[in-house]
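Participant: mind looking at a prediction? Sequence and model below.
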Amino acid sequence: MQGNVRPETMERITTKALADAFIEEQVKEIREQVGDKKVLLALSGGVDSSVVAALLIKAIGKQLVCVHVNHGLMRKGESEQVIEVFGKALDANLVYVDATDRFLDLLKDVAEPEKKRKIIGGEFIKVFDEESAKLEGISFLAQGTIYPDILESDGVKAHHNVGGLPEDMEMELVEPVKLLYKDEVRVVGEALGLPHAMVYRQPFPGPGLGVRCLGAITRDRLHALREADAILREEFDNCGLAEKVWQYFIAVPDFKSVGVRDSKRYEGWPAIIRAVNTTDAMTATIEEIPYAVLHKITDRITREVEGINRVLLDLTPKPIGTIEWE
Ligand code: XMP
């Protein structure tokens, strides 16, 4: 499985047995490549970086240093899961950086989507650079590059590639899953014993909730978005939609409407539900959500989330709407 081009004849990893064989082969290759040197990995908690982390921990244990940067725009519980799974269960060498204040201070009053993306991407590189400068004797940089990244490197994904790493990092790369498709990465992740929810996680953009807290981000609205999104995910889990729908989330715009709560005027933001299906994210269709589920979600969000007084459903396919709102 060497070289840059995946032979079209290569057997696809579809079973636990094939995944185990792949893992064994990669462990050997990683040990040969790395020797007794140290490897650095930016661990977002997404599928690809998580599987690479688990693979490297199996191969070289504490010679891997994982850096998890919490930019304050993660979904509810995500950074905690990284700490739980990698820091505790797998006993990894994990550096956790809570950079929430840095990101939110820089994003204050910035309403323009592309500017927000640039700030988030730029600051991510800065924080990661600072952390790696504190570490001694790192010789390799591990990356969760997968085969479609190589195929599409000058396509749509490139413009999405904020949260990427500095190009001038002078370290040799370790990219153990670079010839795999996403579904194969997942099979390998499960064979490595990672939690199902982590391995089958829906896609989440690098700028995170930053592109769903529309306009200039405020801490209170970001908090409301995170809580509403957690309720949506919980209810989709409960009714089986989580297994079926490709991507689903809440967006919260920066305007309020009038409402009423406890017989008093209650101004709040709307929470917008978006649930789409796609194969390649270039086009997307709308998932039909049963009304009973919508009512339950509306009831929970408006009762449990401070600051939200309406729940709306986005019925727009892509095109014309992009999947994200910003
Ligand atoms: P759009 O909104 O362009 O999104 O229809 C297509 C897919 O890409 C994800 N997305 C991003 N992923 N960084 C990422 O890593 C980004 O800046 C970004 N913007 C959008 C989006 O969630 C969807 O899956």
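Facilitator: Perfect, I can see it now. All of these numbers come straight from a predicted model, not from anything done at the bench.

Participant: which residues touch stretch 179-186?
Facilitator: For stretch 179-186, the surrounding residues in contact (C-beta atoms under 8 Å, 6 or more residues apart in numbering) are 1, 6, 10, 12-14, 19, 47-48, 51, 146-148, 177, 188, 199-200. Where C-beta positions appear, they are placed from N, C-alpha and C, glycine not excepted.

Participant: do a quick rundown of the helices in the protein.
Facilitator: Applying DSSP state H to the chain gives helices spanning 16-34, 47-60, 78-82, 100-107, 113-134, 147-151, 156-160, 182-191, 196-199, 219-239, 241-244, 291-304.

Participant: returning to what we had before: selecting buried members of the contacts of stretch 179-186 in PyMOL, what would you type?
Facilitator: Per 16 or more other C-beta atoms under 10 Å, the buried members of the contacts of stretch 179-186 correspond to this PyMOL selection:
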select buried, resi 13+19+47+48+51+146+147+177+188+199
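
Participant: and the contacts of stretch 179-186 near the ligand, which?
Facilitator: For the ligand, no contacts are drawn from the contacts of stretch 179-186 by C-beta under 6 Å from any ligand atom.

Participant: before we move on, the earlier item: can the helices of the chain go into CSV with extra columns for mean pLDDT?
Facilitator: Output for those, formatted as CSV (pLDDT from 0 to 100):
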stretch, mean pLDDT
helix 16-34, 98
helix 47-60, 98
helix 78-82, 97
helix 100-107, 98
helix 113-134, 97
helix 147-151, 88
helix 156-160, 44
helix 182-191, 97
helix 196-199, 94
helix 219-239, 98
helix 241-244, 96
helix 291-304, 98
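
Participant: any idea which of those is most buried?
Facilitator: helix 47-60 (a mean of 24; mean count of other C-beta atoms under 10 Å).

Participant: now the helices of the chain as CSV including distance to residue 172?
Facilitator: Output for the helices of the chain, formatted as CSV (distance: least, C-beta to C-beta, whole Å):
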stretch, distance to residue 172
helix 16-34, 8
helix 47-60, 14
helix 78-82, 25
helix 100-107, 29
helix 113-134, 14
helix 147-151, 17
helix 156-160, 23
helix 182-191, 22
helix 196-199, 27
helix 219-239, 38
helix 241-244, 39
helix 291-304, 48
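
Participant: residue 94 is nearest to which of the ones you listed?
Facilitator: helix 78-82 (7.6 Å; C-beta to C-beta).

Participant: using CSV, write out every CA atom in that closest one.
Facilitator: The C-alpha trace of helix 78-82 is given here as CSV (Å, rounded to 0.1, in the frame of the first residue of the first chain):
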residue,chain,number,x,y,z
GLU,A,78,-16.9,17.3,22.0
SER,A,79,-13.7,18.5,23.7
GLU,A,80,-14.7,16.6,26.8
GLN,A,81,-15.0,13.4,24.7
VAL,A,82,-11.5,13.9,23.2
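
Participant: just checking, what packs against it?
Facilitator: strand 64-70, strand 93-98 (3 or more C-beta pairs under 8 Å, 6 or more residues apart in numbering; DSSP states H and E).

Participant: and the shortest one, which strands flank it?
Facilitator: Right, the one you point to is strand 93-98. strand 64-70 (parallel) (DSSP bridges).

Participant: and the strand it pairs with, how far from the chain's centre?
Facilitator: Mean C-alpha position of strand 64-70 versus that of the full chain (C-alpha atoms, centre = their mean, to the nearest Å) differs by 14 Å.

Participant: residues contacting the spatially most central residue of the chain?
Facilitator: Nearest residue to the geometric centre of the chain (C-alpha atoms, centre = their mean): residue 204, 3.9 Å. Applying C-beta under 8 Å, 6+ apart, we find residue 204 in contact with 46, 75.

Participant: got the confidence number for it?
Facilitator: We have a pLDDT of 96 for residue 204.

Participant: for it, give its distance to the ligand.
Facilitator: In this view, residue 204 and the ligand are 7 Å apart by C-beta to the nearest ligand atom, to the nearest Å.

Participant: quick one, phi psi at that residue?
Facilitator: phi -140, psi 130 (degrees, to the nearest 10).

Participant: and what of the one 10 residues further on?
Facilitator: Its backbone dihedrals place residue 214 at phi -70, psi 140, with angles given as degrees, to the nearest 10.
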